[in-house]
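> Let's see this in three dimensions:
(chains A and B, ligands or ions: 3)
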Amino acid sequence: MAKVTIDGIEVEVPDGTTILNAARQIGGEVVPPAMCYYTSLKETGGKCRVCLVKVTQGSAKDPRPMPKLVASCRTPVADGMVVQNVTSPDVLEARKGVVEFLLLNHPLDCPICDQAGECDLQDLSYEHGTEGTRTEFERRTFDKIDIGDKIKLHMTRCILCYRCVFVADQLTPERVHGVLNRGDRSEISTYIEKAVDNDFSGNMIDVCPVGALTDRTFRFKSRVWFTKPMDAHRQCSKCCGKVVLWMKGNEVLRVTGRKDQYGEVKEFICNECRFEHKNTADWTIEGPRHINRHSVISQNHYEKIDLQNLKREVERQIVFQKGRQLPEASPNS
Amino acid sequence: MGRKLLLEHINEPGIQSFKVYRQKGGYASVEKALKTMTPDAVTEEVKKSGLRGRGGAGFPAGMKWSFIDKKSDKPRYLVCNADESEPGTFKDRYLMEHIPHILVEGMITSSYALGAKTSFIYIRGEYMYIVRILEKAIDEAYANGFLGKNILGTDYSLDLYVHPGAGAYICGEETALLESLEGKRGNPRLKPPFPAVAGLYACPTVVNNVETIAAVVPIVNNGGEEYAKIGVGKSTGTKLISASGHINKPGVYEIELGLPVEEFIYSEEYCGGIWKGRKLKAVVAGGSSVPILPTDLILKTAKGEPRLMTYESLSDGGFVSGTMLGSGGFIVMDETTNIVKNLYTFSRFYHHESCGQCSPCREGTAWLEKILHRLLHGQGKKKDIDILVDAAKKIEGNTICPLGDAAAWPVASAIRHFRKEFEEEAAALPAERNLELATH
Ligand SMILES: Cc1cc2nc3c(=O)[nH]c(=O)nc-3n(C[C@H](O)[C@H](O)[C@H](O)COP(=O)(O)O)c2cc1C
Ligand code: SF4
Ligand code: FES
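Ligands and ions are numbered 1, 2, ... in the order given. Presented below is the predicted three-dimensional model:
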């Protein structure tokens, strides 16, 4: 086990845990954002650089600080490590930079994008970006591609997190796609099309943090915040069968995997559950899905407050606020 | 005359062939190492020599060798980095083209020290004709018992391969190189783990520059202490410098580290002064990635001491008033040079070569190029200069590999030392600028 301090809050985690996951144990504001890391996909992370943090003390044994900001999603903790996330002005500045870079070529077509309302890039820019943009150049565009009859690849919106590449690599039996070209001309390769027959290819939609991969069966049907998410399950021979139904009235508009509070699906679902069962009769409905009340999707979405949960959240906030006043967070570091 | 350790026999007719190279004392280091020294004793000599990596970062070679995981039961590999794609750097090409056997010899001796049974020379695709030269040299070495099974009758065996890349600068970054050598897309890996622990095929690996490996030959022949007598402080031995730009005698020079920069530029033995009787304006001393310095700061440090060709002296003053020895790509610019245009050329290169994995480099390098392009074509705005500085700062240190830094440093330093020229470009009218660019 290793004791780490993140933004003044101490937590004990098993050796080998990354800084990001240690921060997630604490929860709240000390958790760095993550756009490319995905817990259930091996080798993800390290690419988008939004999760950069400052390590002011490497470990108890070797207290030297790390020379550069590090990607918290891929850096393992060490016993006695001291990390700054929101308490480091350097981190906030660097993160602001990364958000700006990610938006330089993003089309900002949120008003016509199916992902709007559940887009990690939207959330990220609200929380860590600046209001205006400093670029005046034409943005990079690509043609839209249909990946089979169920998935749309809108490369113009892609932030090259590589998550879908890892889905194709790890969930599908043959390696079918990767990235073509280099630098800002990189694009998700159209070999991805060959993945379409695969039973699990639809998970690319769920792992995509932006609207680059969307569900063609749901295209332009509704803004997500006008739909009601319901937890549901069915007996499935291929996957866990545990899904979220996005409903309007009694109609199932779309089926997705269950994302946790960090937007990650832990149990992937098969294409049959996702695309072929748009009928409530096919499902056992468990009840409304808990949606973070900060999300736009929680609009008009009432649910009974779980008092236990609320109490825990308040306690965590108190600890967190105290943590921010600890000396480690002094402005000159 | 400075001592020559690598280029001593460069003018010898036929030195490309095994026969002449051997007559001139070639392959002595292999005989000495394999027959009279243990592998660790060879590493020890390299440590004593103080040899630092000649690929750019200047990391002590002996120390790198001692990091290799010798307890692991996996095979160990030595990989020579001959990707040489840094603008302004062409010394490895010169060495491999004219004295290919010194690299083959260095590879054998170094592989022996590291316990590698298979080694690779990863060479940039544009050097195809050198691939043929090296392969011929390797064939000759096999034919004469210096490669293959039981070299010189000892129980040490080694196979050596040349592997051409496909022409990507990023494949010079050591982990991207290893990916490429494994047959994958040349994307840099996240570190740790470092190659010494998990390199080629996840086995312990050392990656060294061509010149670093060649320098092992005189080190083993004459002893590490002898080598360390050349140079100043922690900059020992000789270094190949690729001199280019507005000088009378561009070319590859072997210098003793510690040579004053002024002497290197102006003496007849080396660059022979600035061409056309013009004055010196600026120097990029270590390949396009290192900060540019104006005349006063390249000839003397901020403290007023003469600047020397050493790792320490060139970096004296940090990035405020210093630079780096880097790969030894010494680019000289005379008083007529347009610094903004020069920077644009560099930035275009880094944009073109970014692998695109990480966002600051992928997006940032493209942005830098676009802004410089606009500045240069009379469309610039005054705020562009601040954006350039700020964007460079946000790339630097925040990327997966040092290509991001390499793209950021030239921008930061050019604006630091030549801000006025950028302001002039920003103020210039479009028509004026276009005319000027067309006539240059
Ligand atoms: C973008 C990039 C390009 C590089 N290109 C080269 C190269 O062409 N040749 C080289 O020897 N080292 C290059 N390097 C440095 C290598 O990563 C590595 O440090 C070097 O090969 C180690 O050898 P040395 O210790 O003998 O210098 C490059 C580094 C980066 C980040
Ligand atoms: S810094 Fe550039 S070249 Fe290096 S990994 Fe990131 S995108 Fe690739
Ligand atoms: S989440 Fe860590 S770099 Fe992308």
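
> Stretch B:149-164 and ligand 1 in contact?
No. Using CB under 6 Å from any ligand atom, stretch B:149-164 stays clear of ligand 1, coming no nearer than 13.4 Å. Just so you know, the C-beta spots here come from the backbone N, C-alpha and C atoms, and that holds for glycine as well.

> How far away from the center of its chain is that stretch?
27 Å (CA atoms, centre = their mean, to the nearest Å).

> same check, this time on stretch B:259-273
With CA atoms, centre = their mean, you get 21 Å for stretch B:259-273.

> which residues are in contact with it?
Stretch B:259-273 is contacted from outside by B:1-2, B:241, B:243, B:247-250, B:253, B:255, B:274, B:280, B:283, B:285, B:298-299, B:306-309, B:314, B:330, B:332, using CB atoms under 8 Å, 6 or more residues apart in numbering or on different chains.

> list the buried ones in it?
B:Leu259, B:Pro260, B:Val261, B:Phe264, B:Ile265, B:Tyr266, B:Tyr270, B:Cys271, B:Gly272, B:Gly273 (16 or more other CB atoms under 10 Å in any protein chain shown).

> Can you get me the start-to-end distance on it?
This stretch, stretch B:259-273, spans 15 Å end to end (CA to CA, to the nearest Å).

> ditto for stretch B:152-169
38 Å.

> and the residue of the stretch 51-200 of chain B nearest ligand 2?
Ligand 2 sits closest to B:Pro188 of the stretch 51-200 of chain B, with a gap of 4.4 Å, by CB to the nearest ligand atom.

> Mind telling me what element that residue is part of?
Under the criterion DSSP states H and E, no helix or strand holds B:Pro188.

> Leaving out the residues flanking it, which one is nearest to it?
Leaving out its chain neighbours, the residue that sits closest to B:Pro188 by CB to CB, 6 or more residues apart in numbering or on different chains is B:Cys401, at 3.8 Å.

> that older thread, and the gap between the residue of the stretch 51-200 of chain B closest to ligand 2 and ligand 3?
Distance of B:Pro188 to ligand 3, computed by CB to the nearest ligand atom, to the nearest Å: 14 Å.

> got a list of what the spatially most central residue of chain A touches?
Computing the C-alpha centroid of chain A and ranking residues by CA atoms, centre = their mean puts A:Gly263 first, at 4.4 Å. Applying CB under 8 Å, 6+ apart to A:Gly263 gives the contacts A:Asp120, A:Pro209.

> Can you name the residues that contact B:Gly24?
One correction, residue B:24 is Lys, not Gly. B:His9, B:Glu12, B:Ile15.

> now the helices: where do they sit in chain A?
Using DSSP state H, the helices of chain A run over A:19-26, A:89-104, A:120-128, A:163-170, A:203-207, A:271, A:307-324.

> Which of those helices has the highest mean neighbour count?
Neighbour counts (mean count of other CB atoms under 10 Å in any protein chain shown) averaged over each of these peak at helix A:203-207, with a mean of 26.

> CA atoms of that helix as PDB?
What follows is helix A:203-207, C-alpha atoms only, in PDB (Å, rounded to 0.1, in the frame of the first residue of the first chain):
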ATOM      1  CA  ASN A 203     -18.800   0.200 -27.900                       C
ATOM      2  CA  MET A 204     -16.800   2.600 -29.900                       C
ATOM      3  CA  ILE A 205     -19.700   4.900 -29.600                       C
ATOM      4  CA  ASP A 206     -19.800   4.800 -25.900                       C
ATOM      5  CA  VAL A 207     -16.000   5.300 -25.400                       C
END
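
> By neighbour count, which bits of the host helix or strand of B:Trp367 are buried? Give me those.
Here B:Trp367, judged by DSSP H and E, is contained in helix B:359-376. Residues of helix B:359-376 classed as buried by neighbour count (16+ other CB under 10 Å): B:359-372, B:374-376.

> Where does pLDDT dip in chain A?
For chain A, the stretches with pLDDT under 70 are A:172-177, A:190-197, A:293-294, A:299-305, A:316, A:319-333.

> mind redoing it with 50?
For chain A, the stretches flagged by pLDDT under 50 are A:326-333.

> What count of nearby residues applies to the residue in it that ligand 2 sits nearest to?
Using CB to the nearest ligand atom, the single residue of chain A nearest to ligand 2 is A:Gly183, 7.2 Å away. The number of residues packed near A:Gly183 is 20, by other CB atoms under 10 Å in any protein chain shown.

> Spit out the contact partners of the closest residue to A:Cys113 other than its chain neighbours.
Excluding its sequence neighbours, the residue lying closest to A:Cys113 (CB to CB, 6+ apart) is A:Gly211, at 4.1 Å. Counting by CB under 8 Å, 6+ apart, A:Gly211 touches A:Cys113, A:Asp114, A:Gln115, A:Ala116, A:Cys119, A:His154, A:Arg157.

> Just to check, the fourth one is in contact with A:Phe220?
No. Judged on CB atoms under 8 Å, A:Ala116 makes no contact with A:Phe220 at a distance of 11.7 Å.

> Which one's more surrounded, the two?
When neighbours are counted by other CB under 10 Å, A:Ala116 and A:Phe220 differ, and A:Ala116 comes out ahead with 16 against 9.

> What is the neighbour count of the closest residue to the more buried one other than its chain neighbours?
Leaving aside its sequence neighbours, A:Ala116 sits nearest to A:Cys110 (CB to CB, 6+ apart; 4.4 Å). Using other CB under 10 Å, the number of residues around A:Cys110 comes to 15.

> repeat for B:Val131
B:Val131 has 18 nearby residues by other CB under 10 Å.

> hang on, it in a helix?
Yes. With DSSP: H, G, I helix; E, B strand; the rest coil as the criterion, B:Val131 is assigned to a helix.

> That one: what's it in contact with?
Contacts of B:Val131 by CB under 8 Å, 6+ apart are B:Ile123, B:Val162, B:Pro164.

> show me what contacts the last one?
For B:Pro164, the contacting residues are B:Tyr122, B:Ile123, B:Arg124, B:Gly125, B:Tyr127, B:Met128, B:Val131, taking CB under 8 Å, 6+ apart as the criterion.
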